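1. sequence first, then the predicted structure, then my questions.
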Amino acid sequence: MPMVSPVPPRPVDPVAAFLSDACAGRTDPARPILIAGPTASGKSGLALAIARANARGIVNADSLQVYGGWRVLTARPSDADLAQAPHALFGHVPPDQDYSVGQWLRDAGPLLRQRPAPVIVGGTGLYFAALTEGLADIPATTPLMRARATAHLARDGLDALAGALDPDTRARIDLRNPMRVQRAWEVQTQTGRGLAAWQDDTAPPLVPLASALPLLLTADREWLAARIAARFEAMLAAGALDEARAMMADWDPARLSSKAIGAAELIAHLRGDLSLEAARTATLLATRRYAKRQRTWFRNRMGAWWSADAQEIGRMFGEW
């Protein structure tokens, strides 16, 4: 009788296996679940569904959702969302205060001891890099240095600040991102040492990637653009203009909290400098550009993460 070769087992798709286990409440309670993705990709809804199924809390990893004030415009969780799972590090920083990656890491550290470990969700790649790769103990720059850098940027432009940076730092940061360039210039000018040199003195990560369940959502550009537009209309309907009106009396465009996309545009509209349609157009353009920068960053820095198409997850598991 001829020998029949056994059929080799089909390889297990780790993303499909993770999503199946996550939605059934079968994840390892000791391993944090990390969900990253571009703005409007549905990561917050997916995180909430997974948190509910696994009795986990949710920790914010978005650098603008940490601030109070812009709840609607930064798409922070609604009251209905908050009632379904514990949420942490959302809206806990006053709008007039600065907040760094290091501060976020210190705040997130104790939350990682929870069991089950939390779902950490957001679109700020630097937060996830600090969490899974470690973070250098870079001294905070002074308000005077920040004011000096802001004035330098306004007077001489982004290229002037970038040109003053050491070659290693220029090679590592997004030279088109004013916040990153200004931060690097402040550190180098204040400490006499480049940001790259500080980063090379990196402490061990709180969550090595191998000890987590990391999922990166990817998104088609046109699909994401449609979601961005629909979400902004929903923000307007939910009171984004009233939120801007409440923030206008104390508005300071230099604050980190004021970098919320759409904030400057809505303030300009309320002051009579922009029509609502012009504010809408500018906000949508800025959001699409931000999503592009996120996708580029994730592609360059998160190659070891599991990745899944956000639209496909929506079809398979329900729209988030």
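-> It's in. Numbers count the residues shown, from 1 in each chain.
2. quick one, strands of the stretch 151-300 of the chain?
-> For the stretch 151-300 of the chain, the strands defined by DSSP state E, counting those that start in this stretch cover 213-218.
3. got a list of contacts for stretch 295-309?
-> Contact with stretch 295-309 is made by 14-15, 18-19, 34, 36-38, 125, 128-129, 174, 209, 214-220, as judged by C-beta atoms under 8 Å, 6 or more residues apart in numbering. (Glycine included, C-beta is placed from N, CA and C.)
4. same question, stretch 95-113
-> Contacts to stretch 95-113, defined as C-beta under 8 Å, 6+ apart, come from residues 32, 57, 59, 61, 63, 66-70, 88-89, 92-93, 118, 120, 126-127, 130-131, 135, 137-138, 140, 206-207, 247, 250, 252, 255-258.
5. what strand or helix carries residue 121?
-> Per DSSP states H and E: residue 121 is located in strand 119-122.
6. which other helices and strands contact that strand?
-> In terms of contacts (3 or more C-beta pairs under 8 Å, 6 or more residues apart in numbering; DSSP states H and E), strand 119-122 is packed against strand 33-36, helix 43-54, strand 58-60, helix 125-133.
7. please redo it, this time with the cut-off set to 6 Å
-> Counting contacts by 3 or more C-beta pairs under 6 Å, 6 or more residues apart in numbering; DSSP states H and E, strand 119-122 is packed against strand 33-36, helix 43-54, strand 58-60.
8. would you mind checking the contacts of stretch 295-309 for buried ones?
-> Among the contacts of stretch 295-309, those classed as buried by 16 or more other C-beta atoms under 10 Å are 15, 18-19, 34, 36-38, 125, 128-129, 209, 214-219.
9. before we move on, back to that, how about the helices and strands packed on strand 119-122, which one is nearest residue 180?
-> strand 33-36 (17.8 Å; C-beta to C-beta).
10. what helices or strands is that closest one leaning on?
-> Using 3+ C-beta pairs under 6 Å, 6+ apart, the elements in contact with strand 33-36 are strand 119-122, strand 213-218.
11. thinking again about what came up before, what lies in contact with the strand holding residue 121?
-> With contact meaning C-beta atoms under 6 Å, 6 or more residues apart in numbering, strand 119-122 is reached by 32-35, 43-44, 47, 50-51, 56, 58-62.
12. swap in stretch 56-76?
-> Stretch 56-76 has contacts (C-beta under 6 Å, 6+ apart) with 47, 51, 85-91, 93-95, 99, 108, 111, 116, 118-120, 122-124, 127, 235, 238-240, 243, 247, 257, 260, 262.
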